[in-house]
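> Model the structure of this input:
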Amino acid sequence: MADIRSNELYNALKRLNRQMYRYAHQAMPPKAGLHRGQIHLLFLISRNDGVIQRDLAEIMDIRPSSLTEMLVKLEQEAFVVRKQDEKDQRIMHIHLTEKGKAAVDGFTEANAKLTSAIFNCLPKAEIEKMLALVQKISDNLEKLDDPASGTGHASGRQPHGHHCHHRWD
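Below is the predicted model:
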């Protein structure tokens, strides 16, 4: 029965996610006192130097006040700098410092080793197929979460007042 197999797949993906998270936690180097959300934020900024703070909150799907709190901490630790726009002082552009760039480089190298170790059991063709399948499921979940569908958190329980489908990570 398809429902039983779907449930098995769901549970297998949950188990795989836990295993990968546990392995990553053990295998990754110390994170310089940063938590996962801050590391993700540094990666996003590294890929979009000078990104506008408001856009970054939308990309991360978090409240602007939550992002401000994260950025203040990263700025205090000298990972990022926030600069006001020359034409509109309400706009803040976010840049990595040299310390932020070095942290991203270190995490990128460690992440490459980590993902290689996790997926070295799969040939390239299987990785491509798996990636396509995971993306298909992700796209389906986004449709289910669409306000027009009447399902998911966007059907009136949306926590942040916006929803974004940027794929910068």
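
> Quick check: can you list the domain ranges of this structure?
As assigned by automatic domain parsing, the chain contains the domains 31-121, 123-169.

> Per-residue confidence, residue 53, what does it come out as?
The per-residue pLDDT reported for residue 53 equals 93.

> Same question for the one 5 residues further on.
You'll see residue 58 listed with a pLDDT of 91.

> what is the mean pLDDT for the lengthiest helix in the chain?
For the chain, the longest helix by residue count, based on DSSP state H, is helix 2-27. Throughout helix 2-27, pLDDT has a mean value of 89.

> before we move on, the earlier item: of the domains of the chain, give the one that comes closest to residue 25.
Shortest distance between residue 25 and those, using CB to CB, is found for domain 31-121: 9.5 Å. Just so you know, the C-beta spots here come from the backbone N, C-alpha and C atoms, and that holds for glycine as well.

> Distance from that closest one to the middle of the chain?
10 Å (CA atoms, centre = their mean, to the nearest Å).

> Summarise which helices and strands the helix or strand just after the longest helix of the chain is packed against.
Note on helix 2-27: by DSSP states H and E, the next helix or strand toward the C-terminus is helix 36-47. Helix 36-47 sits against helix 53-60, helix 64-76, strand 92-96, helix 98-119, with contacts defined as 3 or more CB pairs under 8 Å, 6 or more residues apart in numbering; DSSP states H and E.

> swap the cut-off to 6 Å and go again
strand 92-96, helix 98-119 (3 or more CB pairs under 6 Å, 6 or more residues apart in numbering; DSSP states H and E).

> for this protein, which spans come out with low pLDDT?
Along the chain, the parts satisfying pLDDT under 70 run over 1-2, 29-32, 149-169.

> at 90 instead, please
For the chain, applying pLDDT under 90 flags the ranges 1-3, 21-37, 61, 89, 106-107, 109-111, 142, 145-169.

> Show me what counts as buried in the longest helix of the chain.
residue 24 (16 or more other CB atoms under 10 Å).

> what's the offset of that helix from the middle of its chain?
18 Å.

> So what's the residue count around the closest residue to residue 33 other than its chain neighbours?
Excluding the flanking residues, the one nearest residue 33 by CB to CB, 6 or more residues apart in numbering is residue 77, at 7.4 Å. With neighbours defined by other CB atoms under 10 Å, the count for residue 77 comes to 16.

> any idea which of the helices and strands packed on helix 36-47 is most buried?
strand 92-96 (a mean of 19; mean count of other CB atoms under 10 Å).
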